[in-house]
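S.K.: After the sequence you'll find the predicted model.
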Amino acid sequence: MSSWWLTLALVPVVVAETLGAEKPTVTFAREVGPILAARCVRCHGGESTKGGLNLQTLPNLLKGGESGPALKPGDPDQSLLWQQVHGDRMPTGNVKLTATEKALLRDWIAQGAREGVPSAPAAVVVKPSGAKLDAPALARLIDREIQARLDAAKVPASPTADDSEFLRRLYLDLTGTIPPFEKIAPFLDSPDPAKRAKLIDELLASPAYAQHLASLWAARLGDNVPNGPQTDLRSAMGKWLEEAFASNRPWDRMVQEILTATPSDSTAAKKGTPTDSFFSHDSKPATVEKPTNKLAQYFLGIQLQCAQCHNHPFVPTLKQEDYWGLAAFFFKMNGKATEDPKQTEPKAKPDGFQAVPAKFLGGARPALDRQGPARPTLAQWVTAADNPFFAKAMVNRTWAHFFGRGLVNPVDDMRPGQEPTHPVLLEELACQFAANGFDMQYLTRAIANSQTYQRSSKPLAGNAADTLLYSHAVLRSLTPQQLFAARSAIARGQAAPGDSFFRVFDPTIDRDPTVYPFGMLETLRILNAGMVNNTTAAVAKLVAADKTPEQNIEALYLSALARRPAVEESRRAAAFIARKDSTAAAYSDLLWVLLNCAEFQLNH
């Protein structure tokens, strides 16, 4: 089946409009406010309003400061806020807005700087209810809920993706790279109606699956920048995560072990422990705000750091006392995950510090043993099946991994007012995840087997503008790590994490995959990096003298794009090969084009 986008584009110039036919409405309450709170309010809000500018509310933005109004709704280029942020003049220091955050800010101003009105529903407690479903039944439930919303909106669903699109998508999502050449043709040619389900099971049992997840979570939970196809797997945290995912350790148990970890002796260190990265920063003991922020973001799905120095500017129910009540569970820590039972306050007091009793977020103050550790009590609350945040946070993040956005988006901002697109589905997924023992492979198996996940990325006339209802698969740009791994697999390149290939790329973790992130500098690195452009070696393995040009061309297409060329593509490629003096050089040029086309750089 022919690809529906231009295959032989030498430089894949892909803009955001390519990845979504219509941009969703951006509001201050839902997207922009949290960005400003995280990046800018420390200097422009609360007690500190440098230049007379307060960025906590839209009226204050329109009022502006000493330099005048910060916004001109509808005109980003004439808005002082955009001028300062776009050129990285603000915020000061090393932490700048990411490319995704800048895109949201510009879209918001261009759309008229709408405020939006957040609702504040009470947290719904996740309790397993009804029948416990196996993975196939949960996949059917996913499809029913998604189809019900499509029917209500009268939006048609795209057909099921063909085998080549599904094969490539699944490998990228489960292993972080493209399928091996020797696996592609047998899968495409197999008449087995259960081959997709079998492939899902095969990849879930593979070492590559555990390595891919460990790489992602090592970057999230540590302070290390993802810099290779197997990021941080040499660290103690990376080794521990890889072993945990390989053995399918339940998510609640993994989080309990992370939160209660203690320094390891030399024997345990060889096996890998979760202490090094989560409770330290740049190999030094972390102050209490580091584990507090990571806990809230990755295990509860909330950007709680906005309440560290003042009440949360966008969630009236989140007070500064709530932040320090959660942080108080770490007050006894003294060094790398060690605890001093006599210590009641941290030795290093971060900004905004408050000495308050330990308190569950949105819950009660537990009775703690003054002489004992506090973290086991925290871990038990965090991972409980009836915790209102825990199961939902992981379900939502896992959904985003496969679909490019969460049912609540952004995935780490599940605060009141951030309504899920499919609230019933989110509740059901969280309930079943908890009921099935927080089994990550169970959740992944159900999502990957759903028709919703297996839909084509080719939109129909009636669903091209849909970005929220999952009528078709969204195009997602590959991460630098996926690009490196995929190109190395073909070009037979070899490089360790930290290779110079990654030095020009934005190190942001969990960036929005529906926004193409690469500019000219990154594109030039992709086009010219010798380590991953060694097409000569690849051609020597893929092309055979005793085969016809059409057969060799098919091998190159299968290797790079996991599909066979269309008739016209094969004809044009054969004509190109015939015109060249050196057949080997011609095949190398063709493979180089395939490695640098838009189709290769997108997960579709």
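M.R.: Nice, thanks for sending it over.
S.K.: What ranges does the stretch 301-450 of the chain have for its strands?
M.R.: Using DSSP state E, counting those that start in this stretch, the stretch 301-450 of the chain contains no strands.
S.K.: Would you map the helices across it?
M.R.: For the stretch 301-450 of the chain, applying DSSP state H, counting those that start in this stretch gives helices covering 320-327, 375-382, 390-403, 423-435, 440-449.
S.K.: Kindly state which of those is positioned closest to E257.
M.R.: helix 375-382 (8.4 Å; Cβ to Cβ). All C-beta spots, glycine's among them, are computed from the backbone N, C-alpha and C.
S.K.: List the buried residues of that closest one.
M.R.: Buried residues in helix 375-382, counted by 16 or more other Cβ atoms under 10 Å: 375, 377-379, 381-382.
S.K.: now the helices of the stretch 301-450 of the chain in a markdown table, with distance to L478 and mean pLDDT?
M.R.: Formatted as a markdown table, these follow (distance: least, Cβ to Cβ, whole Å; pLDDT from 0 to 100):
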| stretch | distance to L478 | mean pLDDT |
| --- | --- | --- |
| helix 320-327 | 36 | 93 |
| helix 375-382 | 33 | 95 |
| helix 390-403 | 14 | 97 |
| helix 423-435 | 26 | 95 |
| helix 440-449 | 18 | 98 |
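S.K.: I'd like to know which of the ones you listed is closest to S559.
M.R.: helix 440-449 (23.6 Å).
S.K.: Show me the chain divided up by domain.
M.R.: Structurally, the chain divides into domains by automatic domain parsing as follows: 28-110, 475-604.
S.K.: follow-up on the earlier one: can you redo the buried residues of helix 375-382 as JSON lines with distance to V395?
M.R.: Listed next are the buried residues of helix 375-382 as JSON lines, based on distance: Cβ to Cβ, whole Å:
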{"residue": "R375", "distance to V395": "24"}
{"residue": "T377", "distance to V395": "24"}
{"residue": "L378", "distance to V395": "21"}
{"residue": "A379", "distance to V395": "19"}
{"residue": "W381", "distance to V395": "19"}
{"residue": "V382", "distance to V395": "15"}
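S.K.: for those residues, which one is nearest F279?
M.R.: Among the buried residues of helix 375-382, and counting by Cβ to Cβ, the member closest to F279 is R375, at 10.0 Å.
S.K.: got a list of what that closest one touches?
M.R.: Residues in contact with R375 (Cβ atoms under 8 Å, 6 or more residues apart in numbering) are 259-260, 329-330, 339.
S.K.: Not counting residues beside it along the chain, what's closest to it?
M.R.: The spatially closest residue to R375, leaving aside those adjacent along the chain, is T260, at 5.1 Å (Cβ to Cβ, 6 or more residues apart in numbering).
S.K.: Could you do A153 as well?
M.R.: Distances taken as Cβ to Cβ, 6+ apart put L469 closest to A153, at 6.1 Å, once the chain neighbours are dropped.
S.K.: Can you tell me how far that neighbour is from T452?
M.R.: As judged by Cβ to Cβ, to the nearest Å, L469 and T452 stand 10 Å apart.
S.K.: I577: how many residues sit nearby?
M.R.: 19 (other Cβ atoms under 10 Å).
S.K.: Please name the nearest non-neighbouring residue to it.
M.R.: Nearest non-adjacent residue to I577 (Cβ to Cβ, 6+ apart): A586, at 4.6 Å.
S.K.: Surely that neighbour touches A575?
M.R.: No: applying Cβ atoms under 8 Å as the test, A586 and A575 come out as separate, 10.6 Å apart.
S.K.: Compare these two (neighbour count), which wins?
M.R.: A586 (19 against 10).
S.K.: who are the neighbours in contact with that one?
M.R.: Contact partners of A586, counting by Cβ under 8 Å, 6+ apart, are 576-577, 579-580.
S.K.: which element is it on?
M.R.: helix 583-595 (DSSP states H and E).
S.K.: can you list the weak-confidence ranges in the stretch 201-350 of the chain?
M.R.: Along the stretch 201-350 of the chain, the parts satisfying pLDDT under 70 run over 223-234, 263-277, 280-286, 335-337.
S.K.: can we see that at 50?
M.R.: 225-232, 265-271, 282-283 (pLDDT under 50).
S.K.: could you point out the longest helix in this protein?
M.R.: helix 135-153 (DSSP state H).
S.K.: What mean pLDDT does that helix get?
M.R.: Average pLDDT, helix 135-153: 95.
S.K.: before we move on, the earlier item: residues of the helix holding A586 that come out buried?
M.R.: Neighbour-count burial for helix 583-595 flags 586-595 (criterion: 16+ other Cβ under 10 Å).
S.K.: Stretch 88-108 now?
M.R.: 90-91, 96-108.
S.K.: Greatest separation within these: which pair is it?
M.R.: Longest span within the buried residues of stretch 88-108, Cβ to Cβ: P91 and D107, 19.5 Å.
S.K.: Buried residues, the longest helix of the chain. List them.
M.R.: Quick answer for helix 135-153 (16+ other Cβ under 10 Å): 135, 138-139, 141-143, 145-147, 149-150.
S.K.: Then stretch 174-190?
M.R.: 174-179, 181, 183-184, 187-188.
S.K.: Which of those sits closest to P549?
M.R.: For the buried residues of stretch 174-190, the nearest to P549 is F181 (18.2 Å; Cβ to Cβ).
S.K.: Could you pull up the residues touching that closest one?
M.R.: Taking Cβ under 8 Å, 6+ apart, we find F181 in contact with 490, 542, 555, 558-559.
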